[in-house]
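Enquirer: coords please:
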Amino acid sequence: YFDVGIAEQHAVTLAAGMACENTKPVVAIYSTFLQRAYDQLIHDVAIQHLDVTFAIDRAGLVGLDGPTHAGSFDLSYLRCIPNMVIMAPADENECRQMLYTAHTYSGPAAVRYPRGKGSGKTIERDMQALPIGKGVYCRHGKTVAFLCFGTLTATAMQAANQLNATAINMRFVKPIDEELICQAAKQHDLLVTVEDNAIMGGAGSAVIEYLQHTEFRNPILQLGIVDQFIQHQSRDSMLSRCHLDCHGMIKKVQERCQQLNITLHTTNETPSAV
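Expert: Numbering: from 1, shown residues only. This is a model prediction of the structure:
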């Protein structure tokens with residue numbers, strides 16, 4: 001363990017040097033502070049395709065830490081870098097498995113996770129590397145499909161249950177699961193991307209960029225952090241302001257469906273969970 005202090009650029013370059021000597025370094029760092037080492041991330045790690053794992057803490061809205069500590073931009077600034085693998089776990093168990101996946105992957109990989117505690121998910125004792133670039137269905141529904149990236153998956157599931165919508169845990173921002181996106185586009189009238197990251201250039205943008213090269217022209221609603229610095233307040237208040245709580249997600253989906261003349265097929269039946 002090496003504590004480099006408040007020297008993020010040095011931390012990334014040190015990890016690059018260690019990787020050159022056939023070690024497997026892990027850079028544990030806040031999302032907002034990795035911004036300071038962006039040049040080193042590109043020049044010292046990504047260009048050389050070095051085997052460095054980035055464990056990115058405080059991703060997304062951080063509540064009382066304030067706007068200087070909000071990790072609102074990492075999906076946007078990471079996914080434009082060649083050679084990067086980017087993972088967004090939905091819960092604490094998946095986070096653990098993704099850290100293992102990143103460590104076993106031979107190349108630069110990032111796992112981003114939020115401040116705070118997990119949802120209480122049961123931790124699997126055995127470590128298993130997840131298939132790179134593959135998401136999973138959480139719920140099968142109709143009309144609307146939520147494509148969820150990261151910690152807001154559980155909230156999106158609540159909204160999907162009330163709307164009788166499909167919910168997919170995408171898991172990977174890069175490489176993105178193109179097959180799952182095509183399935184969702186083929187079977188649903190509206191796609192809703194959900195992320196605890198800036199909407200601009202984030203995971204939702206990755207979905208749109210991919211779909212424009214396909215035959216699908218589904219309307220897409222992007223839910224994420226609005227184009228503002230969200231000021232000091234509780235995380236719940238921040239999420240509500242960005243329509244990233246359950247009520248806000250449902251309201252935005254209903255408004256978009258009304259604009260598009262899409263009929264929601266809600267139901268009181270037991271959700272079809274996967």
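
Enquirer: mind checking the SS state of residue 222?
Expert: Classification of residue 222 using DSSP: H, G, I helix; E, B strand; the rest coil returns strand.

Enquirer: against residue 48, how distant is it?
Expert: Computed with C-beta to C-beta, to the nearest Å, the distance linking residue 222 and residue 48 is 33 Å. In short, each C-beta sits where N, CA and C put it, glycine included.

Enquirer: kindly report the same for residue 161.
Expert: If you measure residue 161 against residue 48 using C-beta to C-beta, the figure is 46 Å.

Enquirer: so these two - more neighbours on which side?
Expert: Set residue 161 next to residue 48 and count neighbours by other C-beta atoms under 10 Å: residue 161 wins out with 19 against 14.

Enquirer: now do the helices in the stretch 51-200 of the chain.
Expert: Listed in chain order, the helices of the stretch 51-200 of the chain (DSSP state H, counting those that start in this stretch) span 74-79, 92-104, 153-163, 178-187.

Enquirer: deepest of those helices, which one?
Expert: helix 74-79 (a mean of 24; mean count of other C-beta atoms under 10 Å).

Enquirer: against which helices or strands is that helix packed?
Expert: Helix 74-79 sits against strand 85-87, strand 109-112, strand 172-174, strand 190-198, helix 203-211, with contacts defined as 3 or more C-beta pairs under 8 Å, 6 or more residues apart in numbering; DSSP states H and E.

Enquirer: out of the ones you listed, which comes closest to residue 43?
Expert: strand 109-112 (16.5 Å; C-beta to C-beta).

Enquirer: one step back: now mean pLDDT and distance to residue 240 too, for the helices of the stretch 51-200 of the chain, in TSV please.
Expert: Shown next, in TSV, are the helices of the stretch 51-200 of the chain (pLDDT from 0 to 100; distance: least, C-beta to C-beta, whole Å):
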stretch	mean pLDDT	distance to residue 240
helix 74-79	97	21
helix 92-104	96	23
helix 153-163	96	11
helix 178-187	97	27
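
Enquirer: any low-confidence regions in the chain?
Expert: Under the criterion pLDDT under 70, the flagged ranges of the chain are 267-274.

Enquirer: give me the neighbour count for residue 137.
Expert: 16.

Enquirer: and it, bridged to which residues?
Expert: residue 168 (DSSP bridges).

Enquirer: quick revisit: rebuild the helices of the stretch 51-200 of the chain as a markdown table, extending it with distance to residue 215.
Expert: Converted to a markdown table, the helices of the stretch 51-200 of the chain look like this (distance: least, C-beta to C-beta, whole Å):
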| stretch | distance to residue 215 |
| --- | --- |
| helix 74-79 | 24 |
| helix 92-104 | 32 |
| helix 153-163 | 26 |
| helix 178-187 | 9 |
